[in-house]
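Chemist: turn this into a structure:
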Amino acid sequence: MSFFGRFSPRRAYQDLRLFLSHRQPYELGFLALAVGITGFFVYAFARDDYVPVPYKPDIVYVEQWSADRTDAEIVAQQKIDYFKKKKMLAEQKAAEEAKRAEFKKVDDALSRWGI
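Modeler: Below is the predicted model of the structure:
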């Protein structure tokens, strides 16, 4: 506790009051403005500290197929894969359309402002 032996909160407060009492009013105004602006930026960065991951790569695993598969097995697997691929492409197209609509909304807003 030797830290508080050298540092007293009461003496620090008295020292701050003495320092601020010798300042001009405009200096105190600038001090308040500087503290306010700094506090705003600290608050803004602390509030907006979460950034979502923009891209999460999909891991594609290669399937091992036996060399003695029949043509019927190959065709059956292709039919299953076709529906999976069709569903995936539909989801991708829907996501692209949603993103395109967002950009169009922003573009229309900028066009209204003349930018």
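
Chemist: every contact and neighbour count from this point should use C-alpha atoms.
Modeler: Will do.

Chemist: domains of this protein?
Modeler: 2-47, 67-115 (automatic domain parsing).

Chemist: closest one to P57 among these?
Modeler: Among the domains of the chain, domain 67-115 comes nearest to P57, with 14.1 Å by Cα to Cα.

Chemist: packing partners for the longest helix anywhere in the chain?
Modeler: Ranked by residue count, the top helix of the chain under DSSP state H comes out as helix 71-113. Contacts defined by 3 or more Cα pairs under 8 Å, 6 or more residues apart in numbering; DSSP states H and E place helix 71-113 against no helix or strand at all.

Chemist: how far out from the middle of the chain is it?
Modeler: Chain-centre distance of helix 71-113: 24 Å, with Cα atoms, centre = their mean, to the nearest Å.

Chemist: quick one: secondary structure of the residue most central in space within the chain?
Modeler: The chain has V51 as the residue nearest its centroid, 1.6 Å off, counting by Cα atoms, centre = their mean. Judged by DSSP: H, G, I helix; E, B strand; the rest coil, the three-state class of V51 is coil.

Chemist: and the gap between it and V42?
Modeler: Taking Cα to Cα, to the nearest Å as the measure, V51 falls 16 Å from V42.

Chemist: picking up where we left off before, quick one: mean pLDDT over the longest helix of the chain.
Modeler: Averaging pLDDT along helix 71-113 gives 94.

Chemist: for I74, see how far away K85 is.
Modeler: The spacing between K85 and I74, counted by Cα to Cα, is 16 Å.

Chemist: measure how buried D107 is and give me the count.
Modeler: Around D107 there are 13 other residues, counting by other Cα atoms under 10 Å.

Chemist: same thing with Y43?
Modeler: 12.

Chemist: restricting to C-alpha, output the host helix or strand of it in CSV.
Modeler: Using DSSP states H and E, Y43 sits in helix 25-47. C-alpha atoms of helix 25-47 as CSV (Å, rounded to 0.1, in the frame of the first residue of the first chain):
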residue,chain,number,x,y,z
PRO,A,25,-12.7,30.9,-18.4
TYR,A,26,-11.9,30.3,-22.1
GLU,A,27,-9.3,27.7,-21.2
LEU,A,28,-11.9,25.8,-19.1
GLY,A,29,-14.3,26.0,-22.1
PHE,A,30,-11.7,24.5,-24.4
LEU,A,31,-10.9,21.9,-21.8
ALA,A,32,-14.6,20.9,-21.7
LEU,A,33,-14.8,20.8,-25.5
ALA,A,34,-11.6,18.7,-25.7
VAL,A,35,-12.9,16.2,-23.1
GLY,A,36,-16.3,16.1,-24.8
ILE,A,37,-14.9,15.4,-28.3
THR,A,38,-12.5,12.8,-27.0
GLY,A,39,-15.3,11.2,-25.0
PHE,A,40,-17.5,11.1,-28.1
PHE,A,41,-14.9,9.3,-30.1
VAL,A,42,-14.2,6.8,-27.3
TYR,A,43,-17.9,6.1,-27.0
ALA,A,44,-18.4,5.8,-30.8
PHE,A,45,-15.5,3.3,-31.1
ALA,A,46,-16.6,1.3,-28.0
ARG,A,47,-20.2,1.2,-29.3
